[in-house]
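K.L.:
below are the sequence and a predicted model for it; my questions follow.
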Amino acid sequence: MSDPDPTGDRFVDLPAGPRICFRVEGPDDGVPLLLIAGLGIDLTSWPQRMVDGFTGRGFRVVRFDNRDIGRSSSIDAPPPGRLRQLLARPRPGAYDLADMAADAVGLLAHLRIDRVHLVGMSMGGMIAQTLAARHPDRVASLTSIFSTTGDRRAGQPARSTLLRLAKGPSPTVEASVERHLGMLAHIGSPTLLPDEELERAWAAGFWARGGGVRARAGVPRQVSAIQTSGDRTAELRRITAPTLVVHGSTDRMVHPTGGRATAAAVPGARFVEITGLGHHLAPGAVDQLVDLTTALARDAGAPLPTTGDPR
């Protein structure tokens, strides 16, 4: 592993997988919490307010770039064409969500973390679900945010969202920033509004970390990983960790039926629907998400402080 660079990014070459870029924040003796980002977005997609909320409550927060995005390795395999994606026919030998979950397990092993509280959003929720189902001894609790099960009868994006996703990649950072803001206006919340200045800064930073050029091939391969994994409902029934499923009522990227299907599949899961929330970690919902996850971790036995939570 190399020393951290000025951004806080660190790197580890996994024995059986790609090079993973990650950051660790919070007290060294804090309760381990792993954040897993969604499709085509990197570790910086977790709002700093959210990370600070968790570290302020006693968590040691680990977040990382999934393979094929950010500063983690690109996979040396041809991406599926648009027709294959539309028909949900991945290329033979494509990696799947289990491979991406194995990357997370490898990172935890490198950091000598035996058990962790998992938080995943969208595709990251799918990865977290897979990790919890296949490595139950490593998962203390699971929070799945606006995600789904892979059942094609649930959680499907709106037709208007699919049309936006079908557009080709942005050629410049300026175009990429404007496209991000346009997509956010479409899939975000009509009432829990984003901070446009922060979103512009994030989109420009994402491009600088490789999110522009690398996403052109990486995102189709990540889409393929979801499609290759298929319907995971039966697998989700094997999850034993205390589980919270959160979804927004106005989500146009993953319909709220995806959250309900997830909660129905995981034994004992609690489902919380946030009125007005879209497919975005909106500033107006971040504190609630931190509170909900912290309460779940405490109920699961995490030694977290019970007073002095910052508000």
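P.N.:
Received it, and whenever you're ready, just let me know what you need. Quick caveat: nothing in here was measured; it's all calculated off a predicted structure.
K.L.:
show me where the stretch 151-300 of the chain has its helices.
P.N.:
In the stretch 151-300 of the chain, the helices defined using DSSP state H, counting those that start in this stretch lie at 159-165, 173-187, 196-206, 215-229, 233-236, 256-265, 283-299.
K.L.:
so for Val119, which of those sits nearest?
P.N.:
When the helices of the stretch 151-300 of the chain are compared by C-beta to C-beta, helix 283-299 sits nearest Val119, at 5.8 Å. The way it works is simple: take the backbone N, C-alpha and C, and place the C-beta from them, glycine included.
K.L.:
run through who's touching the closest one.
P.N.:
Here helix 283-299 makes contact (C-beta atoms under 8 Å, 6 or more residues apart in numbering) with 31, 33, 47, 49-50, 53-54, 57, 59, 117, 119, 140-141, 143, 145, 189, 191-195, 242-244, 246, 248, 270, 272, 274, 277, 281, 304, 306, 309, 311.
K.L.:
just the buried ones from these, in ChimeraX syntax?
P.N.:
Selection of the buried residues among the contacts of helix 283-299 in ChimeraX, burial being defined by 16 or more other C-beta atoms under 10 Å:
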select :31,33,47,50,53,54,57,59,117,119,140,141,143,145,189,192,194,242,243,244,246,248,270,274,277,281,304
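K.L.:
one step back: check the helices of the stretch 151-300 of the chain for me and report the most buried one.
P.N.:
Ranked by mean neighbour count, the helices of the stretch 151-300 of the chain are led by helix 256-265 with a mean of 23 (mean count of other C-beta atoms under 10 Å).
K.L.:
how near is Ser141 to Ile239?
P.N.:
Computed with C-beta to C-beta, to the nearest Å, the distance linking Ser141 and Ile239 is 11 Å.
K.L.:
also Asp96?
P.N.:
Applying C-beta to C-beta to Asp96 and Ile239 gives a distance of 18 Å.
K.L.:
looking at these two, which is more packed in?
P.N.:
The neighbour count for Asp96 versus Ile239, taken as other C-beta atoms under 10 Å, is higher for Ile239 (25 against 17).
K.L.:
which residues of this protein fall in strands?
P.N.:
Using DSSP state E, the strands of the chain run over 10-13, 19-25, 31-36, 59-64, 116-121, 139-145, 243-248, 270-274.
K.L.:
now render those as TSV, adding mean pLDDT and distance to Val254.
P.N.:
Shown next, in TSV, are those (pLDDT from 0 to 100; distance: least, C-beta to C-beta, whole Å):
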stretch	mean pLDDT	distance to Val254
strand 10-13	97	30
strand 19-25	98	25
strand 31-36	98	15
strand 59-64	98	20
strand 116-121	98	10
strand 139-145	98	10
strand 243-248	98	8
strand 270-274	98	13
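K.L.:
okay then, goodbye and thanks.
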